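S.K.: sequence? don't have it. structure:
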């Protein structure tokens, strides 16, 4: 009686996944979700632009106040 080696990989029947009912981006729910995601990105871009502008103005104002010498405790430029 010959002894055979067991297979290295267990044999599992291959099944095909079920086809989706609608391709991605076709259903109304998927389109609404994508629109909401893009809208949130636009809102964040608007907030980031406003924040960048505000911080830039504050940095310029602080630099001008330092150059004029009106900041208390700051080393005078001239």
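M.R.: That came in fine, so what should we check first? These numbers come from a predicted model, not from an experiment.
S.K.: Can you tell me which helices and strands the helix or strand containing residue 59 packs against?
M.R.: Per DSSP states H and E: residue 59 is located in helix 28-68. Using 3 or more CB pairs under 8 Å, 6 or more residues apart in numbering; DSSP states H and E as the contact criterion, no helix or strand is in contact with helix 28-68. All C-beta spots, glycine's among them, are computed from the backbone N, C-alpha and C.
S.K.: Give me the secondary structure label for residue 26.
M.R.: coil (DSSP: H, G, I helix; E, B strand; the rest coil).
S.K.: ok, now how distant is it from residue 35?
M.R.: In this view, residue 26 and residue 35 are 14 Å apart by CB to CB, to the nearest Å.
S.K.: Could you list the low-pLDDT ranges of the protein?
M.R.: Along the chain, segments meeting pLDDT under 70 span 1-12, 17-25, 74-78.
S.K.: can you rerun that using 50?
M.R.: For the chain, no stretch is flagged by pLDDT under 50.
S.K.: Counting neighbours, what do you get for residue 66?
M.R.: Residues contacting residue 66 under the criterion other CB atoms under 10 Å number 14.
S.K.: Residue 63 now?
M.R.: 11.
S.K.: Could you pull up phi and psi at residue 69?
M.R.: phi 100, psi 20 (degrees, to the nearest 10).
S.K.: what do you get for the one 3 residues further on?
M.R.: Dihedral angles phi and psi of residue 72 (degrees, to the nearest 10) take the values phi -70, psi 130.
S.K.: Next: residue 71.
M.R.: According to degrees, to the nearest 10, residue 71 has phi -80, psi 130.
S.K.: let's number from 695 now, not from 1
M.R.: Okay, using 695 as the starting number, the last item reads as residue 765.
S.K.: Name the nearest residue to it, ignoring sequence neighbours.
M.R.: Among residues not flanking residue 765 along the chain, residue 759 sits closest, at 5.2 Å (CB to CB, 6 or more residues apart in numbering).
S.K.: Was I right to think the one you found contacts residue 766?
M.R.: No. Using CB atoms under 8 Å, residue 759 is not in contact with residue 766, being 10.1 Å away.
S.K.: and the residue nearest to residue 765, how many neighbours?
M.R.: Neighbour count for residue 759, taken as other CB under 10 Å: 12.
S.K.: Thank you kindly, that will do.
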